[in-house]
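Participant: Based on what follows, work out the 3D shape:
(one chain, ligands or ions: 2)
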Amino acid sequence: MSASPLDQEPSLTRLSSAQLTQLLRRIFIRHGTSETVAQVLAENCANAERDGAHSHGVFRIPGYVSTLDSGWVNGKAVPIVEDVASGFVRVDAANGFAQPALHAARALLVDKARSAGIAVLAIRNSHHFAALWPDVEPFAEEGLVALSVVNSMTCVVPHGADRPLFGTNPIAFAAPRADGPPLVFDLATSAIAHGDVQIAARKGERLPLGMGVDSLGQPTQDPKAILEGGALLPFGGHKGSALSMMVELLAAALTGGNFSFEFDWSGHPGARTPWTGQLVILIDPSKSAGQGFAERSQELVRQMHGVGLKRLPGDRRHRQREKSKENGIAIGAEDVANLYRLAGE
Ligand code: NDP
Ligand code: PYC
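Facilitator: Ligands and ions are numbered 1, 2, ... in the order given. Sure thing, here's the model as predicted:
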């Protein structure tokens, strides 16, 4: 497929998944990562863009680059995988990215989940700057149920408090089903992801009420007021706040990683990636009793559709994935030009 702008949409450039992955790979390598890390991060980011997960697609590349250039993260880190119990794997990401750490531990984790029925992966000393669904969806494609949580950086005011403490702390879940792609959801426990606030600020858009507060703690719809001294709110009041607290406990306290408020990146101007932890839990549903799990999830889907539900979580991504496969991944021409600049090309 040609990388040149389409005739009909001169402001868009369309790249195949392979073209985008290779371009991103060259950027990562140019900014100091190993080949392995570059490949893992490039695939992750290209897949997010392919699926229309824009807050964690190519929009994030300048942040990755400035973080790498600042020396805050080790782009060549080699994760240390420890087999600590029949159902427990620990990884020290060695101040590198979380995805290569997951990649390094993946085979061992799946073996354990299949033999013990359940397995936990605790990643610490890691930086996660991406969408979380790519970390769980592939496990469900192999018939496993997967849950993951990661904490980020202080920017969310716990419900009932008056200053930020929690990160935006997403939770992602994936389960196989009989007649379709796995059921997957991936959501920030803040009312809106930090990335979407940045995108709104860039576009000059206002946010709905209830997303955040300004530097005086007053409700605001201005994304810049949130980014410049303000903060986000949890989704769903005390309920989202409790889930965010759970994520801090599982992703940081349980793994040995930093809480969202524990790291100080002020000595690394340009640092953007939270230095925290991540937990992944895999369950092998073939160990459970009764009908096959995938059939049971399919039955739930049938019933949800039966009561009028039109959109399942993940449907939008999969529709976008199909469109991207057919027509290429559409990216703003200026953004693509910037990617080539970052690759030094
Ligand atoms: P959204 O609110 O956009 O979506 C959350 C989930 O709900 C998705 O699974 C989505 O499916 C689904 N969904 C959305 N709208 C509907 C609807 N109308 N009906 C049914 N399902 C729906 O995501 P967030 O803004 O909360 O998070 C965005 C991303 O930011 C996530 O990928 C998250 O992992 C990432 N993030 C990463 C952080 C990190 O530290 N690495 C921190 C915080 C967030 P679909 O995708 O198909 O639209
Ligand atoms: O969008 O909230 C976010 C986020 C934080 C870290 C990476 N993404």
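Participant: Which residue, other than its chain neighbours, is closest to Glu82?
Facilitator: Arg90 (4.4 Å; C-beta to C-beta, 6 or more residues apart in numbering). C-beta coordinates here come from the backbone N, C-alpha and C atoms, glycine included.
Participant: packing partners for the helix or strand that contains the one you found?
Facilitator: Here Arg90, judged by DSSP states H and E, is contained in strand 88-97. On a contact count with 3 or more C-beta pairs under 8 Å, 6 or more residues apart in numbering; DSSP states H and E, strand 88-97 meets helix 35-50, strand 80-85, helix 98-116, strand 118-127.
Participant: Return the most buried member of the ones you listed.
Facilitator: strand 118-127 (a mean of 25; mean count of other C-beta atoms under 10 Å).
Participant: thought the residue nearest to Glu82 was touching Ala122?
Facilitator: Yes. Using C-beta atoms under 8 Å, Arg90 is in contact with Ala122, at 5.1 Å.
Participant: Identify the contacts common to these two.
Facilitator: By C-beta atoms under 8 Å, 6 or more residues apart in numbering, Arg90 and Ala122 have these common neighbours: 255-256.
Participant: got a list of what Gly167 touches?
Facilitator: So Gly167 contacts 151-156, 244, 247-248, 260, 274, 276 (C-beta under 8 Å, 6+ apart).
Participant: Return the subset of the residues you listed lying in helices.
Facilitator: 244, 247-248 (DSSP state H).
Participant: re the thing from before, by neighbour count, which of the contacts of Gly167 wins?
Facilitator: Asn151 (32 neighbours; other C-beta atoms under 10 Å).
Participant: For Leu68, list the residues it contacts.
Facilitator: 28, 31-33, 75.
Participant: Please convert the residues you listed to a markdown table, extending it with secondary structure.
Facilitator: Shown next, in a markdown table, are the contacts of Leu68 (DSSP: H, G, I helix; E, B strand; the rest coil):
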| residue | secondary structure |
| --- | --- |
| Phe28 | helix |
| His31 | coil |
| Gly32 | coil |
| Thr33 | coil |
| Gly75 | coil |
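Participant: Which two among those residues are spaced furthest apart?
Facilitator: Phe28 and Gly32 (8.1 Å; C-beta to C-beta).
Participant: So for the two, which sits in the more crowded spot?
Facilitator: The residue with more neighbours, out of Phe28 and Gly32, is Phe28; 26 against 16, by other C-beta under 10 Å.
Participant: Please verify my assumption that the more buried one contacts Gly75.
Facilitator: Yes. In this structure, Phe28 is within contact of Gly75 by C-beta under 8 Å, at 7.0 Å.
Participant: can you tell if stretch 307-317 touches ligand 1?
Facilitator: Yes. Using C-beta under 6 Å from any ligand atom, a contact is recorded between stretch 307-317 and ligand 1, made by 311, 313-317.
Participant: what are the C-alpha coordinates of that stretch, in CSV please?
Facilitator: Taking Å, rounded to 0.1, in the frame of the first residue of the first chain, the C-alpha atoms of stretch 307-317 are listed here in CSV:
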residue,chain,number,x,y,z
VAL,A,307,-32.8,-6.7,25.5
GLY,A,308,-31.9,-4.1,22.9
LEU,A,309,-28.1,-3.6,23.4
LYS,A,310,-26.5,-2.5,20.2
ARG,A,311,-22.9,-1.9,21.2
LEU,A,312,-20.7,-4.1,23.3
PRO,A,313,-17.4,-2.8,24.6
GLY,A,314,-14.8,-3.6,22.0
ASP,A,315,-17.3,-3.5,19.1
ARG,A,316,-16.2,0.0,18.0
ARG,A,317,-12.5,-1.1,18.1
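Participant: picking up where we left off before, just the closest of the ones in helices among the contacts of Gly167 to ligand 1, please.
Facilitator: Ligand 1 has its nearest neighbour among those in Val247, at 9.5 Å by C-beta to the nearest ligand atom.
Participant: what's the closest non-adjacent residue to the closest one?
Facilitator: Asn169 is the one closest to Val247 (C-beta to C-beta, 6+ apart), at 3.8 Å.
Participant: ok now do that neighbour, which residues does it touch?
Facilitator: By C-beta under 8 Å, 6+ apart, the neighbours of Asn169 are 149-152, 156, 188-190, 243-244, 247-248, 251, 260.
Participant: Among these, which one sits closest to ligand 2?
Facilitator: Ser152 (4.0 Å).
Participant: How about the contacts made by His238?
Facilitator: Contacts of His238 (C-beta under 8 Å, 6+ apart): 159-160.
Participant: gap between it and Phe166?
Facilitator: 13 Å (C-beta to C-beta, to the nearest Å).
Participant: Please consider this matter closed, and thank you.
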